[in-house]
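*Asks:* turn this into a model:
(chains A, B, C and D)
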There are 4 protein chains.
Amino acid sequence: MTAHRIAMLGTGLIGDFYTAALNRGRTKDTVELVYSRSEERGAAFRERWGVPRSTTSLEAACADPDIDTVVIGLPNDMHEEAVRLAAENGKAVLCTKPLGRTAAEAKRMLDIVEEHGVFAGYLEDLVYTPKTLTAVKSVQDGALGDVLWVRSRETHPGPHSAWFWDEKKAGGGVIVDLGCHCIAICRNFVGKGNRPVEVFCWKDTLVHPISADDHAVALIRFESGAIGQFEVSWAFRGGLDLRDEVQGTEGTIWLNHFLRTGFDMFTTGKSAGYVAEKAETTSGWLFPVGDEVTELGYLDMFTDMFDSMDAGTRPQESFYDGYVVNAIIDACYASAQSGAWAPVEIEDWRGGTTPRISRSPELHEGHAVIKREILPDGRTKVLFQHRETGEILETVGQPG
Amino acid sequence: MTAHRIAMLGTGLIGDFYTAALNRGRTKDTVELVYSRSEERGAAFRERWGVPRSTTSLEAACADPDIDTVVIGLPNDMHEEAVRLAAENGKAVLCTKPLGRTAAEAKRMLDIVEEHGVFAGYLEDLVYTPKTLTAVKSVQDGALGDVLWVRSRETHPGPHSAWFWDEKKAGGGVIVDLGCHCIAICRNFVGKGNRPVEVFCWKDTLVHPISADDHAVALIRFESGAIGQFEVSWAFRGGLDLRDEVQGTEGTIWLNHFLRTGFDMFTTGKSAGYVAEKAETTSGWLFPVGDEVTELGYLDMFTDMFDSMDAGTRPQESFYDGYVVNAIIDACYASAQSGAWAPVEIEDWRGGTTPRISRSPELHEGHAVIKREILPDGRTKVLFQHRETGEILETVGQPG
Amino acid sequence: MTAHRIAMLGTGLIGDFYTAALNRGRTKDTVELVYSRSEERGAAFRERWGVPRSTTSLEAACADPDIDTVVIGLPNDMHEEAVRLAAENGKAVLCTKPLGRTAAEAKRMLDIVEEHGVFAGYLEDLVYTPKTLTAVKSVQDGALGDVLWVRSRETHPGPHSAWFWDEKKAGGGVIVDLGCHCIAICRNFVGKGNRPVEVFCWKDTLVHPISADDHAVALIRFESGAIGQFEVSWAFRGGLDLRDEVQGTEGTIWLNHFLRTGFDMFTTGKSAGYVAEKAETTSGWLFPVGDEVTELGYLDMFTDMFDSMDAGTRPQESFYDGYVVNAIIDACYASAQSGAWAPVEIEDWRGGTTPRISRSPELHEGHAVIKREILPDGRTKVLFQHRETGEILETVGQPG
Amino acid sequence: MTAHRIAMLGTGLIGDFYTAALNRGRTKDTVELVYSRSEERGAAFRERWGVPRSTTSLEAACADPDIDTVVIGLPNDMHEEAVRLAAENGKAVLCTKPLGRTAAEAKRMLDIVEEHGVFAGYLEDLVYTPKTLTAVKSVQDGALGDVLWVRSRETHPGPHSAWFWDEKKAGGGVIVDLGCHCIAICRNFVGKGNRPVEVFCWKDTLVHPISADDHAVALIRFESGAIGQFEVSWAFRGGLDLRDEVQGTEGTIWLNHFLRTGFDMFTTGKSAGYVAEKAETTSGWLFPVGDEVTELGYLDMFTDMFDSMDAGTRPQESFYDGYVVNAIIDACYASAQSGAWAPVEIEDWRGGTTPRISRSPELHEGHAVIKREILPDGRTKVLFQHRETGEILETVGQPG
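*Replies:* Numbering: from 1, shown residues only, chains lettered A, B, ... in the order given. Okay, here's the model as predicted:
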């Protein structure tokens, strides 16, 4: 197992979370260098996280000979340049979400890293939360049968930095900022090989004095017939709401990642302190999580990235996945514009085909069974569709 | 306070629930007569609930001189006739949900009762659950500010009687059966006077061998800009999932009516019995409710109906509300057909107009404030949009 | 079914709750008369609840010819006199909890009502909550096997009226005020016929400047070997914490009656109002209940009382039950004094005997089986105690 | 930071959990050697976890020159010998819980490691769960004011290996096996310097054919007046129930570590697999955790151990803590025997003294305030004890 030497690009909230995760535990990988446009913020970051060196030159950071891996935690409009610089210098590159502002931009980044043959990971932390990893595995193992519907919801009171609110820098509003997480979660549950076919999206700017969207709901129709649904808002009051639901033919999963995780605290607030990301209050009933860095997936994400890098395999989330997410986001904006379903345009679908959710019903004397119920008296009621007339009929049989 | 004498039409599950509610507690109102096509089922119902008389004639039940109130718990295709008979005989009429199979049918029923001047209540129990009544009052009192989004979800493993699955008798599939509840809930939270403008709906038949829809998700855009969202399924595994969420500019509400109400039971199942409506198992972790008849709203619903009847006022849910719900359901089917937003056609809108969700932002030196945050060091960060350039900027001020 | 005419004694919080319950729904029973020492409070109560008459004479209230039922909602030191007056006037009497300040006082009240042959109900609302009624029935039906342990916890920030805090008037502190509820709950779950044998109790005055106990934990050992455990506090921060747990040989039940019932609300608090009994805040995350009067059991309690009165049967909670509860409370104080188990002294045990929790273990080749487990590979591991050596051994058998 | 080379003693469930934790992530510490009495189990363990070497000699494992740290995951009756061997060989020693079977045994182990000056950590994983670490920090920061009461509950259907059920090998029953966790949790919340003064304990053998205790409840009175309460059972049905509660003068904390952590799954069970430690079913509603190794504290525990070792500091849980826990367990058995409070005998208390929970009440015109309440009309009600008469009085003041 190699010990990696990392350059961190960016000193904002995401750079803090990434470095907290990389410093956590007894890991051998180390952040050796940090890039910030501002010398002052670079120095503060060094101090905060015990990073040896900082630079204000993006080029220098990406070309540094002591570094083998570049982690991009920059605003969206700077991803492409950073990816290009890192790839040209032969560095492994790990890029925060979303990959691009548009599918076209994401596709160029994908092409760059593939041309240079460098390892490229897409830092979509929320598919790496311990709950999500376990839940996805259960779904893959068949515990839910065929997946019918996935809901992913991420809402909070809005991001901290100015650039998120600026459509040009960010590439859009809340759909870009939070929708990208939800889309990745939906894809993991319906299966990465399940092609996203078309999208319906509602968006609006309901609360903030901005031109970008601050609310959206979208439906993604996958090739199997399954529906991915996301709900995003920058005006949720109550903290950071991160919930997923999966409904399948044989079961259901409900995940609550943040506001209800078995940790309830009431305090009169005579002593106040940091509670949790995007917490709104420091008194009353509060819902901290045990360990944010773990619960938000950062730890398992970097483990997968470096383990994959060492093993020469693909990480769970690659640049290709980032590109697919951007293609779905593009379709969201197109649909919100047209008021109708919009096709998802993917130039280079690598996932194969997925059959329609299976519908070969059980038969009852040659008729398709709709439902079987055990009555309180022990007898079984069968609802079925008559094979010829199409009528819905019922019959009650003997116990057993 | 008058003691009412009631004829119950129908002896299915809903007739049982209604009669359980009407018999509950120390009430003075009594079910005196039950109608069923089948003499046997009528007799069993009399026995089960202590009802004095039964009849197999719908006409006789509706014309009975000892009766002042007719409660309709019949399949959807029999509502119109029953309403007409009751109204012509001058009886108060309380009709189960949905009111009609289409808006046109519902409108005819509304016209009949208004012509005959009889009291007419729409038995939409789920807006009368104790939680919903309390939550709606909190929202009306302003606890959530302006309502932005309402989610209402009702899913279960499918209805018990054959006619529900028959598009012609029911007027559709799961949208008609369960969507009608969700629509009523959304309307109560966004305000009954908030006109439903247009609808987007996805529906599919994913699991059952039927022609009707067994899954649907819809968005209802109201005049204020608020969105009502419903999710319905006849293939949910795990019991009866009844949850609502409301998000407003000043708060949020989460309601779980059935599967998580503070009553958790694990049993090895050596003794098995009735657990709850649509429960799927009798061992393992089970989630009963304290009292289904109360929790599902039946008790408070009938109290409102008879109190309104006595007081000569409108109940919370009237035939007009039933008609509006049907108009929204019609728009759902139209949208699912067209793949685009469909307008909600209401002939006779009685709710007035509702202004757009207010957006007069706080100003910071003449610029619109996007967000204010208190930093860990006590200083306040203000994100704002520059009034001339439109740029998003931030400034950090002194504590306090 | 008779329509009862009720005199309400007392106009405090409990009188309000009782009258709210008696007025609820379409009931025929009516509060006709209210007694308060203060003419002003009597008048306010009449106004508040639409009660026709008030009086400042306890004697007059209990002797009123228009009244058939007296409900006692007075401070503990006035129960005995009120019971005596009501009984002597031949009225049915329903008394709030605890019945007496001591077992001796409770026994005198029991004797009075039995001598006069009047109906006497013990208004222990918390065994009548919808959840408790359903849970007790499940336990009686055997869903949990033999009950091993019951925990009942009631804590809040302390009562509203001065007399509760006054040892002489109340008969003690938090053990008397809240412990009486918990004891009744434990008894319902282990079975009313399961004799309470002895008690261990810790109490302390940790927070308030009073001589009475403001915290206590107690263990009640029942004849079957089952343990009832209660935890009470007048210094809980966070609202009204009402939770019960039952553990049996075949299952477990967890009840949360108040702070987590599937109703979560966050509000910034720009609009404040009544939230729930003993709620501490009006902003942040709040946990209202759907309908307090129902959830706290008042509705079902009065239904049982009047139905039993009409049917000439015993209500679920009688004066005898109140007496047993007082006997257990007396033992709590004795144990807290001695620091050791104290016997529960009941003069007149009417519950028969209960056998020890059954312990006839399954046998494996003649040895007592301790545990059977299915291993991941499908084989069964059996842990058993060797019948002769007493050694604990294990064996792994073939699948199936 | 040093890379440690570890010998794992024992190949049971706990050895598996420890090694899973030590192998997790990108850590530099490695398990190099495993000891088992059985060559076969040693080989299986090597294979299972990628451990290079195994031995059947305890002496060899403890003396191995390539090893610097010995981790003891053996039955309780082998701890002392293993500790002695490791200490004599100058190895750092990390011992599973409980440290000894009795306080005397634990004290000898403490003395051995102190004599030899080796690093000695007590592997009490449950105080290292992410939730507990965060909660303990909140309590230390004062969020709950003075701690009044801590409840720690651990119950499950009983341990897997035969020796746990054997009083002589284990040193007792469920109190030793699970109580030791709960005691450590209580101590962390009330403060390690808060001396445990006396204990009351009920224990019984209610379900299993064994001589050891399978159920117990105990109260630990600490010097401050705070009460630690634990509940343990080997006959809980429903999985692994791990919950803690802390009540303080300014707040409360509720932790649920396992059965309700925001991960709910329903499955019909057509596909079955491993769900979670001590899960009882593989269908119906299941409650997996995201990542057991993390949620149960193993990860953060070893990080603290090795970081402390490298830094030359004491870990959060040392052998001294293990000794104190054993002293409290001894007192539990003494109290269960005597039926009264038993003193906790600690030869060598190192924690200093803790004052009684503070009770200097707020004054109202010279009288001690019991409670202040804001009435619905905005006025403030003050309950106070008259400084001379001792009477409890109330007064209602003006708003504000």
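
*Asks:* now the longest helix anywhere in chain A: buried residues?
*Replies:* The longest helix of chain A (DSSP state H) is helix A:319-338. The neighbour-count check on helix A:319-338 (16 or more other C-beta atoms under 10 Å in any protein chain shown) flags A:319-336 as buried. C-betas here are computed from N, CA, C, even on glycine.

*Asks:* now the helices for the stretch 151-300 of chain A?
*Replies:* A:167-170, A:174, A:180-190, A:292-295, A:298-311 (DSSP state H, counting those that start in this stretch).

*Asks:* any idea which of those gets closest to chain D?
*Replies:* With C-beta to the nearest C-beta as the measure, helix A:298-311 is the member of the helices of the stretch 151-300 of chain A nearest chain D (5.2 Å).

*Asks:* what's the neighbour count on residue A:88?
*Replies:* 15 (other C-beta atoms under 10 Å in any protein chain shown).

*Asks:* who touches it in this structure?
*Replies:* Residue A:88 is in contact with A:62, A:116, counting by C-beta atoms under 8 Å, 6 or more residues apart in numbering or on different chains.

*Asks:* need phi/psi at it.
*Replies:* The phi/psi pair for residue A:88 (degrees, to the nearest 10) reads phi -60, psi -30.

*Asks:* could you do residue A:367 as well?
*Replies:* Here is the backbone geometry of residue A:367 (degrees, to the nearest 10): phi -100, psi 150.

*Asks:* where does the residue lying closest to it once chain neighbours are set aside fall, secondary structure wise?
*Replies:* Distance criterion C-beta to C-beta, 6 or more residues apart in numbering or on different chains; nearest residue to residue A:367, sequence neighbours excluded, is residue A:384 at 4.2 Å. Residue A:384 belongs to strand A:380-385 when assigned by DSSP states H and E.

*Asks:* my guess is residue A:206 contacts residue B:225, does it?
*Replies:* Yes - the pair residue A:206 / residue B:225 is scored as a contact, 5.8 Å apart, by C-beta atoms under 8 Å.

*Asks:* what touches both of these two?
*Replies:* With contacts defined as C-beta under 8 Å, 6+ apart, the residues adjacent to both residue A:206 and residue B:225 are B:148, B:357.

*Asks:* check what pLDDT residue A:278 gets.
*Replies:* pLDDT for residue A:278: 68.

*Asks:* so what's the gap between stretch A:217-235 and the chain middle?
*Replies:* In terms of C-alpha atoms, centre = their mean, to the nearest Å, the centre of stretch A:217-235 is found 12 Å from the chain centre.

*Asks:* quick one: end-to-end distance for that stretch.
*Replies:* 14 Å (C-alpha to C-alpha, to the nearest Å).

*Asks:* remind me which residues of the stretch 151-300 of chain A are low pLDDT?
*Replies:* Counting by pLDDT under 70, the stretch 151-300 of chain A has low-confidence residues at A:271-276, A:278-280.

*Asks:* now the residue of it found nearest chain D. Nearest residue, chain neighbours left out?
*Replies:* Relative to chain D, the nearest point of the stretch 151-300 of chain A is residue A:290 (2.9 Å; C-beta to the nearest C-beta). Spatial nearest neighbour of residue A:290, excluding adjacent residues (C-beta to C-beta, 6+ apart): residue D:130 at 2.9 Å.

*Asks:* cool, and residue A:186?
*Replies:* residue A:228 (3.1 Å).

*Asks:* for residue A:19, same thing?
*Replies:* The nearest residue in space to residue A:19 (C-beta to C-beta, 6+ apart) is residue A:49, at 4.6 Å.

*Asks:* which residues touch that neighbour?
*Replies:* Neighbouring residues of residue A:49 by C-beta under 8 Å, 6+ apart: A:16, A:19-20, A:23, A:31, A:34.

*Asks:* list phi and psi for the residue nearest to residue A:290.
*Replies:* Dihedral pair for residue D:130: phi -50, psi -40, per degrees, to the nearest 10.

*Asks:* report pLDDT for it.
*Replies:* 96.

*Asks:* so how far is residue D:136 from it?
*Replies:* 11 Å (C-beta to C-beta, to the nearest Å).

*Asks:* and the closest residue to chain C within the stretch 301-400 of chain A, what's its pLDDT?
*Replies:* Residue nearest to chain C within the stretch 301-400 of chain A: residue A:376 (14.2 Å; C-beta to the nearest C-beta). Here, the pLDDT recorded for residue A:376 equals 72.

*Asks:* element containing it, please.
*Replies:* Going by DSSP H and E, residue A:376 is not part of any helix or strand.

*Asks:* same question for residue A:396.
*Replies:* Using DSSP H and E, residue A:396 falls in strand A:392-397.

*Asks:* against which helices or strands is that strand packed?
*Replies:* Contact analysis of strand A:392-397 by 3 or more C-beta pairs under 8 Å, 6 or more residues apart in numbering or on different chains; DSSP states H and E lists strand A:380-385 as its packing neighbours.

*Asks:* okay, the strand it packs on in CSV with CA atoms only?
*Replies:* Taking Å, rounded to 0.1, in the frame of the first residue of the first chain, the C-alpha atoms of strand A:380-385 are listed here in CSV:
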residue,chain,number,x,y,z
THR,A,380,-57.0,-16.9,1.4
LYS,A,381,-58.6,-14.3,-0.9
VAL,A,382,-57.2,-14.1,-4.4
LEU,A,383,-57.8,-11.1,-6.6
PHE,A,384,-57.2,-11.9,-10.3
GLN,A,385,-57.8,-10.6,-13.8
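
*Asks:* ok, that strand: who's next to it in the sheet?
*Replies:* Here strand A:380-385 has these sheet partners by DSSP bridges: strand A:367-374 (antiparallel), strand A:392-397 (antiparallel).

*Asks:* give me the contacts around it.
*Replies:* A:364, A:367-375, A:391-399, B:160, B:162, B:165, B:209-210.

*Asks:* mind redoing it with 6 Å?
*Replies:* A:364, A:367-375, A:392-397, B:162, B:209 (C-beta atoms under 6 Å, 6 or more residues apart in numbering or on different chains).
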